[in-house]
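Enquirer: Predicted model follows, preceded by the sequence.
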Amino acid sequence: MLKPVLLCAWTIFSAVLLINTNARGAFKKPIKDTAVARAIYPSYNTSPKAPDITGMGNTAVQQAALIKIGWNIGNTMEAPGSETGWGNPLITEDYIKFIKQIGFNAIRIPCAWDQYADKKSAKIQDAWLNRVKQVVGYCVKNDMYVLLNIHWDGGWLENNCTPVKKDAVNAKQRAYWEQIATVMRDFDGHLMFASANEPAITDASQMSVLLSYHQTFVNAVRATGGRNTYRVLVVQGPSTDIKKTNDLMSGLPADQVADRLMVEVHYYSPFNFCIMEKDQSWGRMFYYWGSGHHSLSDTSRNPTYGEEAEVRNAFQLMKTKYVDRGIPVLMGEYGAYRRTTPKDLTTHNEAVDYWIKFTTQQAIANGLKPFFWDIGVAIDRRNNKTLDQPTIDALMAGSH
């Protein structure tokens, strides 16, 4: 997510491992950093440790099996200026405990780093690294699985998946992940790292560049050693779009340890129903969705595409391409949200609840692990109470 609204940001190093169509295959050892990537910024892998498998025994498949349903702390750690830059309060341990109490057992922390880093050296401020570590600690302490990423972050990576920017972005990706991974290294397997957020990709050439960024991420994390040698790592499909991921992402980064990689996609479809904010020349907002949830009195706002069959088909693509071959898929963001403008408000609210429940059910049925996107609308983060109980009920119903 890019701004404090419900709208989601739409947003190989040349060798990559092509996935065998019949089996996972063995990942090759990661290739070495290029001279260019080494030269732009200093190395921040200044204290590598020997491999430590303590608390890191889960493969990616075993880890995914433990994740029931996840929650995003949106518009907070990735907000411009500060953690409270988009109006949300500081994250507290009590908030994490409340999320767990409701029934979630995983947290995704969208996080910015570039705004806290020196532009010449790429050194991230210690105070910010320590604050993020504190929030991760809240999650791990309370037996929550946590996914920590580099989010939109001004778009330095996700808007620059091009050959021209490849070396410069790889250098920054390496510098940042060496620092992040070193500071977070002692957390056990509850913590997972994610390479990016929604990298903007339109073709195979850009996909090749993105895979180089993912390879740099894997190399940098593994090089720090300790528990990071075995940590589960998550790489994002092109634009985290399911169809693009199915069509364009033909390989995964090489990894020195087997079976520790996951793939991430997002899902806000149909866009006109889930997060569209105003009518456009090319289409109108949908207020209703799904079998039995079309309006009889406001028919111009009924959906014209993207209902149950499309959900099933989309998730089946990820099941076939990855899940069935031992590569877990996280649905790192998804959601549909209530509006106050529909004429048939009762049908609209019932349709939102139905979309949430149905999409959650279908994701889990196909082996995708869903993380609902919230920016402080469904749950009051200041008082730790539910603001939108029907949304929470639909999520819980869909996850069981």
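Expert: Sure, I can see it. Numbers count the residues shown, from 1 in each chain.
Enquirer: State the number of residues packed around the closest residue to Val218 other than its chain neighbours.
Expert: Nearest non-adjacent residue to Val218, counting by C-beta to C-beta, 6 or more residues apart in numbering: Pro253, 4.5 Å away. C-beta coordinates here come from the backbone N, C-alpha and C atoms, glycine included. Neighbour count of Pro253, defined by other C-beta atoms under 10 Å: 26.
Enquirer: This structure: strands as residue ranges?
Expert: 17-18, 70-72, 106-109, 145-149, 191-194, 233-236, 251-252, 261-267, 329-334, 368-372, 379-380, 385-386 (DSSP state E).
Enquirer: closest one to Tyr305 among these?
Expert: Tyr305 sits nearest to strand 261-267 of all these, at 14.6 Å, using C-beta to C-beta.
Enquirer: Find the centremost residue of this protein, please.
Expert: Residue closest to the average C-alpha location in the chain (C-alpha atoms, centre = their mean): Gly332, at 3.7 Å.
Enquirer: Leaving out chain neighbours, which residue sits closest to that one?
Expert: Glu264 (4.5 Å).
Enquirer: my read: that neighbour touches Gln236, true?
Expert: Yes: Glu264 lies in contact with Gln236 (C-beta atoms under 8 Å); the separation is 4.8 Å.
Enquirer: Need the overlap of contacts for those two.
Expert: Ala194, Gly332 (C-beta atoms under 8 Å, 6 or more residues apart in numbering).
Enquirer: wait, doesn't Ala204 sit right on Met249?
Expert: No: the criterion here is C-beta under 8 Å, and Ala204 misses it with Met249 at 9.9 Å.
Enquirer: Those two: who's more crowded?
Expert: Met249 (24 against 12).
Enquirer: which residues touch that one?
Expert: Met207, Leu211, Gly237, Pro238, Val263.
Enquirer: Apply 7 Å and report the result again.
Expert: Residues in contact with Met249 (C-beta atoms under 7 Å, 6 or more residues apart in numbering) are Met207, Gly237, Pro238.
Enquirer: The second one - how many residues pack around it?
Expert: When neighbours are defined as other C-beta under 10 Å, Gly237 has 27 of them.
Enquirer: ok, and the closest non-adjacent residue to it?
Expert: Once flanking residues are discounted, Gly237 sits nearest to Thr245: 2.9 Å by C-beta to C-beta, 6+ apart.
Enquirer: so what's that neighbour up against?
Expert: Contacts of Thr245 (C-beta under 7 Å, 6+ apart): Gly237, Pro238, Val265.
Enquirer: any low-confidence regions in the chain?
Expert: Along the chain, segments meeting pLDDT under 70 span 1-39.
Enquirer: can you tell me how far the residue of it positioned farthest from its centre sits from Gly332?
Expert: If you look at how far each residue of the chain sits from its centre, by C-alpha atoms, centre = their mean, the farthest one is Ser297, at 37.9 Å. Ser297 is 37 Å from Gly332, where distance means C-beta to C-beta, to the nearest Å.
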